[in-house]
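J.: Need coordinates for the below:
(2 chains, ligands or ions: 2)
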Amino acid sequence: MSSAITIDLILKIWRQQNIHARGALQTYTLNDISTDMSFLEMLDVLNDQLVLAGYDPVAFDHDCREGICGMCGAVVNGQPHGPETETTLCQLHMRHFKTGDTLVIEPFRARAFKLVKDLVVDRSAFDTIIQAGGYVSVNTGGAQDANSLPVSQKNAEEAMDAAACIGCGACVAACPNAAAMLFVSGKISQFALLPQGHPERRERALNMVKAMDEEGFGNCTNERECEVSCPKGLSIRNIARLNREFLKAAISLP
Amino acid sequence: MNLDAKIPAGNLADKWDKHRFESKLVNPANKRKYTVLVVGSGLAGGSAAASLAELGYNVTCLCIQDSPRRAHSIAAQGGINAAKNYQNDGDSVSRLFYDTIKGGDFRSREANVYRLAQVSNNIIDQCAAQGIPFAREYGGQLANRSFGGAQVSRTFYARGQTGQQLLLGAYSSLSRQIKLGKVTMIPRREMLDLVVEDGHARGVISRNLVTGEIERHAAHAVVLATGGYGNVFYLSTNAMASNVTAAFRAYKRGACFANPCYVQIHPTCIPVHGDYQSKLTLMSESLRNDGRVWVPKHRGDSRSPEQIPEAERDYYLENKYPSFGNLVPRDVASRNAKIQCDLGKGVGETGLAVYLDFAEAIQRDGQETIMRKYGNLFQMYEKITDRDPITSPMTIYPAVHYTMGGLWVDYNLMSNIPGLFVLGEANFSDHGANRLGASALMQGLADGYFVLPSTIATYLGQCSFDPVTATGEGFAEADDAAKKRLDKLIGLNGKRTVDDFHKELGRLLWDNCGMARNAEGLQRALAKIPELREEFWQNGLVSGTPNEFNQTLEKAGRVADFLEFGELMVRDALDRKESCGCHLREESQTDEHEALRNDAEYSYVSAWQYQGGKSPVLHKEPLSFENVELASRSYK
Ligand SMILES: Cc1cc2nc3c(=O)[nH]c(=O)nc-3n(C[C@H](O)[C@H](O)[C@H](O)COP(=O)(O)OP(=O)(O)OC[C@H]3O[C@@H](n4cnc5c(N)ncnc54)[C@H](O)[C@@H]3O)c2cc1C
Ligand code: FES
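T.: Ligands and ions are numbered 1, 2, ... in the order given. A predicted model of the protein is given here:
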């Protein structure tokens, strides 16, 4: 907020018209970028210039621009959401870059995420996984008084940590195997830590893991890249919990 | 036109119960013969789609984002109200009702607000049962915090991510119904028009945002839960895709638009810092529980905040409103911030900011406690501003945040077009001229989980079971109109970007139709907006083709609608020559410069009806108050 510093950048951005077209990195120079801008505002400036010059602007997903909807995301110089920890692309500010920097900007790549255009990918595989069991089966209207099931503060806080996932897909993009374990483990953990989730915990673990495999996500080999890239700081302890839940479920069901 | 609100007769406390008893039911076996189209998957749309599907209806749900989980509701931070009285501090359904109606400055319907307070408790039960990780006390009970405009502690929360957790709860219920085949979820679709056939809402026209294809969706009833129109101001706390298009298209098809000038300006946002800025970030108002608002006593004091001694600070909210202090309602807090800055006492680089200081709270409760309550908000603030609120006070300024206006609906949440229901922020129903904090989440979920599933049966009960088709005249006409409009937009080959027009419109409205208004400024805006619109259609610039993923085209369509809608807002503001709720009408103030409401002349809902090329017609739904006295709001 304080500085009126501007920087000049070289951008190499993945351009691809659609899933059938061939893509390539294209180079742009962009000058006089205020360091108070967010990364997406920097892309807005580029797009304004492209449109005014008669070119197709760079497509990128975004909505809330405050790090909570999970819509934005790209790989910047090899890191999903860029160099800052626990930061989404929309919350990344240009003060973390300096004049003359080259930024290579690519979409989240994974077999399960099909490319839509430029930096936009299709992450509906995540929705499919949630549909397989990421819920408590309670119809509207049938609930008992909210305070009739006490939850220890510790469990509530840990469940909240796990539930903080925004479903952006950075964990998948970061993983050399394109695994979705961190994503799945967040939901599994939330419900494993809360009594409301207990009646269905076995089916949930089995069904969500099955859906994850079917959607084409890879296996976890403990690379820990997911944790590093997660903008919400989800811990891989959740993956350990997922493994326990899955194992218990696998040996106890017929 | 007769706008019948269909408020049930009887005692206020019994109306909802009686109404449900007297309403038609649809036999469970017949529910599956009806299709309901829900546009929007936020708290209102998501909860409605899931609940209707649980009841047995076939539901189709559209949303703009790539997943229903990303609706703008996700961004709500602070919390959700309910009259549980878990704190034993004197709360009750009656008190929540009274606070909400008073907070709305007596411009909402008693019956609607009372029902909202009644179902508030069911919402918390439902959400807890879904496994939402609400904050808890050490004993395992649910925790509460206080929020502006209330003296009881009734706000439930999940850290600073309440909207996210509530939305993910609704999304999980929705996901379960998708898996069961009861909901067909269609993401990345934008509704471009409403289809009305034989006077009834029959479906919508949408654009597939990936392929550009224009699609028809037919249903027995259409539910709009498309959120608010705050983005008409360009800069607001709303998400980038938030729009008025869906509601405005319904308006152009005959649905009345109610109170479009009622816009809430939130007092605690991060101040504006540059021309390139694309949105404003809200700092949840829950921060005002522990933060103290102040400015330097002397204008032009440019010392850093730490260097300004206690005696030279003006805690103007605490001084002026001793009983509510920093927790006065949003409009009062916003207006006073503007007054201080207008007096030249604003801080920060632009002078358009005031301090929100946590030093005393940290000293009192310890840093750990404060961080547990507000950690993620502090983190967000620091990311944006590069400053740590633990070591120096935040700077805040008001920003457009919420729109109380919306499509007119009756007690059943049905618009004046039969079969068109409107929920959540998209309707005008419950918040009058000002919404209290933590009440939008409550209203969205009340509408979707509890009100609509009951009231829609009355309408559907009269519909034939015949399957609906999208082949009628209405569909053909709307489909054609949507395509022609897209062609016109894509043909714009001028010199100014769409954003540039949007910025100018926003500035015009912020200056003339914001927190404080007067006839002169409003007249100016009313003359200017049509000129701007004209220029947009002459000199706007849109790239690409309609048959592809084209974000410039999407944006252009939304801005084109904002350019028409802005004019309606200004008209409405001109008509309302009183100060009320969020707005100070400068011609209507007390000697002490406080807002002066005029109940004798303006105790009505303004419902505007589209007239083609002519000026819209204003219908007035009178508001009558039988259970509360029209006190003038005082938070002193
Ligand atoms: C930053 C912020 C913080 C807030 N904090 C709080 C809080 O603490 N407590 C509180 O009570 N309230 C809060 N609010 C207000 C509250 O979040 C919103 O009023 C509420 O969530 C709106 O819900 P909704 O379901 O009506 O609409 P939304 O959540 O906005 O959902 C709209 C849906 O409609 C879809 N849609 C829109 N237009 C179209 C179209 N043309 N075609 C197809 N689909 C469309 C969208 O894709 C989306 O799915 C906050 C608001 C903001 C901006
Ligand atoms: S745009 Fe919502 S998280 Fe970045």
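J.: Check what pLDDT B:Arg159 gets.
T.: Looking at B:Arg159, its pLDDT is 89.
J.: actually B:Ser146, not the one I typed
T.: At B:Ser146, pLDDT is 85.
J.: pretty sure it contacts B:Leu287?
T.: No. Using C-beta atoms under 8 Å, B:Ser146 is not in contact with B:Leu287; the gap is 11.8 Å. (Each C-beta comes from the backbone N, C-alpha and C, glycine too.)
J.: The two: which has the busier surroundings?
T.: B:Leu287 (26 against 20; other C-beta atoms under 10 Å in any protein chain shown).
J.: ok, back up a step: who touches both of B:Ser146 and B:Leu287?
T.: Overlap of the contact sets of B:Ser146 and B:Leu287 (by C-beta atoms under 8 Å, 6 or more residues apart in numbering or on different chains) is empty.
J.: Please name the residues that touch the residue of the stretch 51-200 of chain A found nearest ligand 1.
T.: For the stretch 51-200 of chain A and ligand 1, the shortest gap (C-beta to the nearest ligand atom) falls at A:Glu66, measuring 7.0 Å. With contact set as C-beta under 8 Å, 6+ apart, A:Glu66 has these partners: A:90-91, B:75, B:279, B:281-282, B:380.
J.: A:Lys12 and A:Ile105, how far apart?
T.: 7 Å (C-beta to C-beta, to the nearest Å).
J.: nearest residue to the residue sitting nearest the centre point of chain A other than its sequence neighbours?
T.: Centroid-nearest residue in chain A: A:Cys168, 2.2 Å away (criterion: C-alpha atoms, centre = their mean). Distance criterion C-beta to C-beta, 6 or more residues apart in numbering or on different chains; nearest residue to A:Cys168, sequence neighbours excluded, is A:Gly70 at 4.0 Å.
J.: before we move on, back to that, quick check, the residue of the stretch 51-200 of chain A closest to ligand 1 in a helix?
T.: No. Judged by DSSP: H, G, I helix; E, B strand; the rest coil, A:Glu66 forms no part of a helix; its state is coil.
J.: Contact residues of the stretch 151-254 of chain A facing chain B?
T.: Proximity of the stretch 151-254 of chain A to chain B (C-beta under 8 Å from any C-beta of the partner chain) is limited to residues A:151-153, A:156-157, A:159-160, A:163-164, A:166-167, A:190-191, A:194, A:196-197.
J.: ok, 6 Å please
T.: Within the stretch 151-254 of chain A, the positions adjacent to chain B are A:151-153, A:156, A:159-160, A:163, A:167, A:191, A:194, A:196-197 by C-beta under 6 Å from any C-beta of the partner chain.
J.: ok, residues contacting stretch B:296-303?
T.: Contact with stretch B:296-303 is made by B:308, B:312, B:314, B:344-345, as judged by C-beta atoms under 6 Å, 6 or more residues apart in numbering or on different chains.
J.: Can you get me the start-to-end distance on it?
T.: With C-alpha to C-alpha, to the nearest Å as the measure, stretch B:296-303 spans 9 Å from end to end.
J.: about what we covered before: give me the ChimeraX select line for the contacts of stretch B:296-303, limited to the buried ones.
T.: In ChimeraX syntax, the buried subset of the contacts of stretch B:296-303 is picked out as below (16 or more other C-beta atoms under 10 Å in any protein chain shown):
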select /B:308,314,345
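J.: Off-centre distance for the helix or strand that contains B:Tyr114?
T.: Following DSSP states H and E, one finds B:Tyr114 within helix B:110-129. Relative to the chain's own centre, helix B:110-129 is displaced by 18 Å; criterion: C-alpha atoms, centre = their mean, to the nearest Å.
J.: Could I get the contacting residues of the residue of the stretch 451-600 of chain B found nearest chain A?
T.: Residue of the stretch 451-600 of chain B nearest chain A, by C-beta to the nearest C-beta: B:Phe549 (4.4 Å). The contact partners of B:Phe549, by C-beta under 6 Å, 6+ apart, come to A:59, A:116-117, B:210.
J.: most surrounded residue in those?
T.: A:Lys117 (24 neighbours).
J.: Could you report the pLDDT at that one?
T.: So A:Lys117 comes in at 98 (pLDDT).
J.: Just list whatever residues bridge to it.
T.: Here A:Lys117 sits in beta bridges with A:Val120, as judged by DSSP bridges.
J.: Which parts of chain A are helices?
T.: For chain A, the helices defined by DSSP state H occupy A:39-52, A:124-131, A:153-163, A:170-174, A:181-193, A:201-214, A:225-229, A:237-252.
J.: is any part of the second one close to chain B?
T.: Spelled out, it's helix A:124-131. Yes. Using C-beta under 6 Å from any C-beta, helix A:124-131 reaches chain B at A:127, A:130-131.
J.: one step back: tabulate the helices of chain A in TSV, adding columns for mean pLDDT and distance to B:Val451.
T.: Formatted as TSV, those follow (pLDDT from 0 to 100; distance: least, C-beta to C-beta, whole Å):
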stretch	mean pLDDT	distance to B:Val451
helix A:39-52	97	37
helix A:124-131	98	26
helix A:153-163	97	27
helix A:170-174	98	38
helix A:181-193	98	28
helix A:201-214	97	31
helix A:225-229	98	41
helix A:237-252	96	37
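J.: got JSON lines for those, with mean neighbour count and distance to ligand 2 too?
T.: Shown next, in JSON lines, are the helices of chain A (neighbours: other C-beta atoms under 10 Å in any protein chain shown; distance: least, C-beta to the nearest ligand atom, whole Å):
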{"stretch": "helix A:39-52", "mean neighbour count": "20", "distance to ligand 2": "7"}
{"stretch": "helix A:124-131", "mean neighbour count": "22", "distance to ligand 2": "14"}
{"stretch": "helix A:153-163", "mean neighbour count": "21", "distance to ligand 2": "16"}
{"stretch": "helix A:170-174", "mean neighbour count": "27", "distance to ligand 2": "10"}
{"stretch": "helix A:181-193", "mean neighbour count": "27", "distance to ligand 2": "15"}
{"stretch": "helix A:201-214", "mean neighbour count": "19", "distance to ligand 2": "23"}
{"stretch": "helix A:225-229", "mean neighbour count": "20", "distance to ligand 2": "14"}
{"stretch": "helix A:237-252", "mean neighbour count": "16", "distance to ligand 2": "20"}
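J.: Perfect, I'm done here.
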